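Novice: Sharing a model prediction with you, sequence too.
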There are 2 protein chains.
Amino acid sequence: MGNINEIIELLRSKGLKVTPQRVAILQLLMNGGHFTMDQVLNELRKIEPNISISTVYNTLNTLVRLGILRSFEADGKTWYEMRKDPHINVICEDTGQIMDVDIDVSAIEREVSKLGIEIKDLNVIIRGNCRGTS
Amino acid sequence: MGNINEIIELLRSKGLKVTPQRVAILQLLMNGGHFTMDQVLNELRKIEPNISISTVYNTLNTLVRLGILRSFEADGKTWYEMRKDPHINVICEDTGQIMDVDIDVSAIEREVSKLGIEIKDLNVIIRGNCRGTS
DNA sequence: ATATGTGCAAAGGGTTTGCAGATAT
DNA sequence: ATATCTGCAAACCCTTTGCACATAT
């Protein structure tokens, strides 16, 4: 997790320059979880104290465009996560946290494709109360 | 569709005052479709030329809070629609339009409930290309 | 050497807020 | 009569943009 050589390889393969900022951002996100720009910025400042808002946005948006990250909007902010198998994002109204729930959504994809719609991205966002789950 | 007496009844039943602005907003949304605040404002100004941004926001947010409308976020904006059976919102990247696709999502609801999560709202948002569909 | 990336500050777009005057009950 | 609602303007996020300097290749 967060393997540096893997990250360098990934950036190079996409034609991106390998900068400390980009490596740090990818290391953070590769450990899993969901982050807003603000959360990324705060974490990154521990490692790269001078990293700027625009660099974080630039990087996140670039990585989304290249398909490395996914983004979705909730609570008035954009959230970023590593792109992986389609899943469900559950937003807990008590804790404000977002968690992944791995449920098969291929039935929905199949139905929608049948209608002639080419799916670029699928987001299942559930707002709820996760008390009872840890 | 947009039955005025029905709307008046609805507002009264929620303890809201029946104002021309609220009636007009509900009439618009009861005909179906998805609207941003801006779209609502533009439509409403045809009927109530002096209606203000804050009134539109106030009304939309109040109606969401009372469960009459649903809202979700996409493309940096909040979208509003009448609350009805769970369905899928497909955002067409070409036309920018949002359309409903009625697909059963109860399987997902069941799975998530099993995990002890109390669902307050379920959103399935698909970004795609609707060429081929009309 | 040079194309690309970074940091800063300013601008942009959507949404909320505070408040005085207006309106529904 | 009065609690609620409306409209206006200002304030508040979050995100993007322009540009000079710095850095990776």
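Specialist: Looks like it came in fine.
Novice: Which strands and helices lie in contact with the strand or helix carrying A:Leu122?
Specialist: Using DSSP states H and E, A:Leu122 sits within strand A:118-129. The contact analysis (3 or more CB pairs under 8 Å, 6 or more residues apart in numbering or on different chains; DSSP states H and E) places strand A:118-129 against strand A:69-74, strand A:88-92, helix A:106-114, helix B:106-114, strand B:118-129. Where you see a C-beta, it was placed from the backbone N, CA and C, and this is true even at glycine.
Novice: Just the pLDDT for A:Met1.
Specialist: Per-residue pLDDT puts A:Met1 at 52.
Novice: near DNA strand D, which residues of chain A?
Specialist: By CB under 7 Å from any atom of the strand, the residues of chain A that approach DNA strand D are A:12, A:17-20, A:36-38, A:53-54, A:57-58, A:61, A:73, A:76-78.
Novice: what inclination does the longest helix seen in chain A have with respect to strand A:118-129?
Specialist: The single longest helix within chain A, with elements called by DSSP state H, is helix A:53-65. Orientation check (axes from the mean of the first three to the mean of the last three CA atoms, to 10 degrees): helix A:53-65 against strand A:118-129 gives 120 degrees.
Novice: does helix A:53-65 come close to chain B?
Specialist: No - on the criterion CB under 8 Å from any CB of the partner chain, helix A:53-65 is out of touch with chain B, staying 11.9 Å away.
Novice: buried residues in that helix?
Specialist: Neighbour-count burial for helix A:53-65, with 16 or more other CB atoms under 10 Å in any protein chain shown as criterion, is recorded at A:Thr55, A:Val56, A:Thr59, A:Leu60, A:Leu63, A:Val64.
Novice: Next to chain B in this structure, residues from chain A, please.
Specialist: Near chain B, when you scan chain A using CB under 8 Å from any CB, you find A:72-74, A:76, A:88, A:90, A:93, A:101, A:103, A:105, A:107-108, A:111-112, A:115-133.
Novice: Turn the buried ones among these into a named PyMOL selection, would you?
Specialist: Here is the PyMOL selection string for the buried members of these, based on 16+ other CB under 10 Å:
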select buried, chain A and resi 72+73+74+88+90+101+103+105+108+112+117+121+122+123+124+125+126+127+128+129+130
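Novice: so what's the residue most central in space within chain A closest to, chain neighbours aside?
Specialist: Note on chain A: the residue nearest the mean C-alpha position is A:Glu81, at 1.2 Å, using CA atoms, centre = their mean. Using CB to CB, 6 or more residues apart in numbering or on different chains and skipping residues adjacent in sequence, the residue nearest A:Glu81 is A:His34, 4.9 Å away.
Novice: Surely that neighbour and A:Asn89 touch.
Specialist: Yes - if you go by CB atoms under 8 Å, A:His34 and A:Asn89 touch, sitting 7.0 Å apart.
Novice: A:Gly96 - nearest residue in space that isn't next to it in sequence?
Specialist: Per CB to CB, 6+ apart, closest to A:Gly96 is A:Asp75, 7.5 Å.
Novice: May I have the phi/psi pair for the one you found?
Specialist: Per-residue torsions, A:Asp75: phi 60, psi 30 (degrees, to the nearest 10).
Novice: How many residues are close by it?
Specialist: A:Asp75 has 13 neighbours, counted by other CB atoms under 10 Å in any protein chain shown.
Novice: Get me the contact residues on chain A for DNA strand C.
Specialist: Contact residues (CB under 7 Å from any atom of the strand) of chain A with DNA strand C: A:16-17, A:19, A:21-22, A:48, A:50-55, A:58-59, A:62, A:76.
Novice: Closest to A:Glu6 out of those?
Specialist: Using CB to CB, A:Arg22 comes nearest to A:Glu6 of these, at 13.2 Å.
Novice: Enumerate every residue touching that closest one.
Specialist: Contacts for A:Arg22 (CB atoms under 8 Å, 6 or more residues apart in numbering or on different chains) come out as A:Leu11, A:Leu16, A:Thr59.
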